[in-house]
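Engineer: Predicted structure and sequence below. I'll ask about it afterward.
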Amino acid sequence: MKKSFLWAALVALTLVSCDKDNDDNNNNNPPADTTGKLILEFEHHWDSKSATIPQTNTFTNNNGESIEFTTLRYYVSNIELTDSEGNIWKEEESYHLLSLGTNPVLEIELDKVPTANYVGMRYMIGVDSLRNVSGAQTGALDPANTMFWTWNSGYIFLKAEGVETNSQTNFAYHIGGFRNGNKTNALQEISYNFAPSQAEVKPSATPVVHQMVNLNHLFDGGTITLGVLANPNVVMPGPMAVNISRNYATMFQLDHVHN
Amino acid sequence: MPLAKYRAFVWIGLLVGLSIRCSKDITEERNAPLAFYQPSHFPPAHYQFQGNAQTEGITEIGRRLFFDPVLSRDSSISCENCHVPISGFSDPSHPFSHGVDQNFGSRNSPALSNLAWYSSFMWDGGVTHIETMSTAPITNPLEMDLALSEAVLRLNRSPYYSSAFASHFGVNEIQSQHMLKALAQFMASMISSQSRYDAWMKGNENALNAQEKEGLILFQTHCAQCHAEPLTTDFSFKNNGLTALTEDEGRGHITTLAADLGKFKVPSLRNVEKTLPYMHNASMASLEEVIEHYSSGIQAHPNLDPSLPVGGFQFSNNEKQALVAFLKSLTDDAYLQDKRLQNPW
C-alpha cells in the first residue's frame, strides 16, 4: 500500500516536471525537432599523465615540486556557440561547477541547442561581475557550494588545494575577483575556432567538443612560475590571483570535435 | 448648560479625540505585520526586493532565523548576540563581535537599522548585497562558524522550518537561497525613522529643543559631509584619524588599494546613544569621548579625510554638549522597542 503510494507520488512528480518542460518549450525555446544537444568534455591531465582525485600519478612542476591535488573545482559560465552563418547561441542561466574526481573527464551537456553547424565557441572560467553582486543565488552558484567568499562577496572562480609532498607543504589557491578593472579581475575567457571541424547539432546527433586540461599550466602557464614553497596560499583577489588566472586560462586546449 | 462649560467640554472632547487619533496611528503601525516601508523623508531604498517579493510569512521566517542559535556551530549564539534590539541592534557588552567558543572577531559589531538603503555591508564594505550579508557572520570561524551546507541541513531537519519554508516558498527542500532571502526580508524591514530628529525633519519645529537645534547646526557644518542626512551616513569609506598609522587595513583589505588603507564605512548615527562602544575598533565608550576625538584628537593618518582637520575642530564646551544633545535626539524608541523586531522564540 505504502509502496504504491510512493510510486504514485513519483509518477505525479514526473508528470509535473514534464509539464514544466513543455511550458518552457512553448514560451522560450524552439520545438524539439529543431534542436539537439552538444557535449563539452574536459579531460584533465598533467602533461602526458592522466589527472584524477585522488591522484594516481605523480606530478612534478617546473620548480621541481611534487604536487598532489586534493581539490580542483572551477566555474565554466556564459557558454556561447557560433554557427557557420555567424549566429550566436547563448546558453541560458549558463553556470556550471566542475569538480575533479576519479574520472579525469568531466562533462557539460548543452541542451536545446538550435540545429546548426557550429564553427566556434567561447565561455568564461569564473562568474561574471553582474552575477557576483546579484544577491542570493542557487544551483551551481549556491554559496553553500563553498565557492563563495562570504567576507568579500564574490565567487571563487577556481579552487585548487593539495600538498607539495616533498616538504609536506599544503597549498590553497582560491582564485577570483571581479573588481577594479584589470587590477583584481581574474575572469578569463576561453575561445575556440573549430576549423577545419564543425560541430553538427541536430535532433538525431550529439557532437562532442573534447578539450584537454593540463593542470601543469596552473603552475606554469606563461604568466608566472608558481611555486608552492614560495606561495602556498593565494586565497583572495589581487594581482597574484590575476596572474594565476592567466596561467590557468592556458590549461584549456581544444583537442577535437567529433560528430 | 453655560456656554463656558460647553466650550470646555468641546475642548476636552477635541483633545481626547486627538490623542486617540495619535495613539491609534502608532498602534496601527506597530500592530501591522512587519514589512519594509519607505519613510517620506528618506531617499528611495537601494534594495527593492528584486526576485524576493516580500510577504508577511517570509519576513517572519527571517525574524525567527535572526534570533535562532541553530545558525551557529554549537547552537550557542544567534545574530542577536551581537545585535541586541534594545541597544540599536549592536553589542553593548563586548568591544568586538563575540563568537562561538568565546572567540572574538576583530571589529566592533555594527548597529543595524535602515539596511535596505545600504549598497555594501560591514565596516570594510566587503559584502555587496543584503541577501548575501548573512553568509559572512554565519560562516566566519570567529563568529557563528557554521558551513552553509550544514545550516541548510539543520533547517531541513527542523519541523518548524521545513513546514514554514514549504508553505511560504513552496519548496520541499530548503536551499541556502531561501534562508538568505528570508533573512534579507527581515533585515530590510528594520527601519528606524521615528526619532525626534525625524519628527523635526518632517516639520515639527518643537521636536528638538534649543540646545539640540544648536547641535544640529554644528552637526550639519562639521559632520554631515559624511554622516549625510537623513540616514546619517553617505555609505562611503573614510579615515577619521583615530590613529596615525594603519592598524587595520579596513577598506584597503577589500580593494587592495593603498589609498583605501585604514578607511572604514561611515556608520549611521541612528540610535547612537544606545550603540556604544564606538568606532570600528570600539576604542571609545561614550559620545563625549567621540566628540572629544573630533574636537581635539584627530591624527594625521595618510588617508585622513580632507574634511577633517588634523588636531580637531576645537569645539567649545557648549558646542560639545550641544552635539551630544543632538546625537541623542536620534534615539528612536519606537524602533528600539518594536516588538516585531524582537526575539519571537
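Structural biologist: Cool, got the structure.

Engineer: Break the chain down into its structural domains.
Structural biologist: If you meant another chain, say so; for now it's chain A. As assigned by automatic domain parsing, chain A contains the domains A:1-30, A:33-258.

Engineer: not quite, I wanted chain B
Structural biologist: B:56-191+B:335-341, B:196-329.

Engineer: Of the domains of chain A, flag the one that's most buried.
Structural biologist: domain A:33-258 (a mean of 18; mean count of other CB atoms under 10 Å in any protein chain shown). For the C-beta atoms, the positions are set from N, CA and C on the backbone; glycine is no exception.

Engineer: Straight-line length of it, end to end?
Structural biologist: 21 Å (CA to CA, to the nearest Å).

Engineer: ok, back up a step: in TSV, list the domains of chain A along with distance to chain B and mean pLDDT.
Structural biologist: Shown next, in TSV, are the domains of chain A (distance: least, CB to the nearest CB, whole Å; pLDDT from 0 to 100):
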stretch	distance to chain B	mean pLDDT
domain A:1-30	10	44
domain A:33-258	4	96
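
Engineer: Kindly present these as JSON lines, with separate columns for distance to residue B:56.
Structural biologist: Listed next are the domains of chain A as JSON lines, based on distance: least, CB to CB, whole Å:
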{"stretch": "domain A:1-30", "distance to residue B:56": "27"}
{"stretch": "domain A:33-258", "distance to residue B:56": "20"}
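
Engineer: For residue B:312, which of the ones you listed is the nearest?
Structural biologist: Closest approach to residue B:312 among these (CB to CB): domain A:33-258, 33.0 Å.

Engineer: Show me how far the closest one is from its chain's centre.
Structural biologist: Mean C-alpha position of domain A:33-258 versus that of the full chain (CA atoms, centre = their mean, to the nearest Å) differs by 4 Å.

Engineer: Is the residue of the stretch 151-300 of chain B found nearest chain A within a helix or a strand, and which one?
Structural biologist: Distance from chain A to each residue of the stretch 151-300 of chain B (CB to the nearest CB) is smallest for residue B:180, at 3.7 Å. Assessed by DSSP states H and E, residue B:180 sits inside helix B:176-187.

Engineer: re the thing from before, ok, how many other residues are close to the residue of the stretch 151-300 of chain B closest to chain A?
Structural biologist: Residues contacting residue B:180 under the criterion other CB atoms under 10 Å in any protein chain shown number 30.

Engineer: what do you get for residue B:253?
Structural biologist: A count of neighbours around residue B:253, defined by other CB under 10 Å, yields 15.

Engineer: so who does residue 44 touch?
Structural biologist: With no chain named, the answer covers chain A. A:50, A:51, A:52, A:72, A:100, A:104, A:105, A:106, A:213, A:215 (CB atoms under 8 Å, 6 or more residues apart in numbering or on different chains).

Engineer: was after chain B, sorry
Structural biologist: Residue B:44 neighbours (CB under 8 Å, 6+ apart): residue B:38.

Engineer: Over to residue A:122?
Structural biologist: Counted by CB under 8 Å, 6+ apart, residue A:122 has contacts A:79, A:80, A:189, A:190, A:191, A:192.

Engineer: now swap in residue B:202 and tell me
Structural biologist: Residues in contact with residue B:202, defined by CB under 8 Å, 6+ apart, are B:40, B:41.

Engineer: If we use 7 Å, what do you get?
Structural biologist: Residues near residue B:202 by CB atoms under 7 Å, 6 or more residues apart in numbering or on different chains: residue B:41.

Engineer: With residue B:293 instead?
Structural biologist: Residue B:293 touches residue B:284, counting by CB under 7 Å, 6+ apart.

Engineer: Am I right that it is in a helix?
Structural biologist: Yes. Under DSSP: H, G, I helix; E, B strand; the rest coil, residue B:293 falls within a helix.

Engineer: Compute the number of surrounding residues for the closest residue to residue B:77 other than its chain neighbours.
Structural biologist: Nearest non-adjacent residue to residue B:77, counting by CB to CB, 6 or more residues apart in numbering or on different chains: residue B:69, 5.6 Å away. For residue B:69, the count of nearby residues is 17 (other CB under 10 Å).
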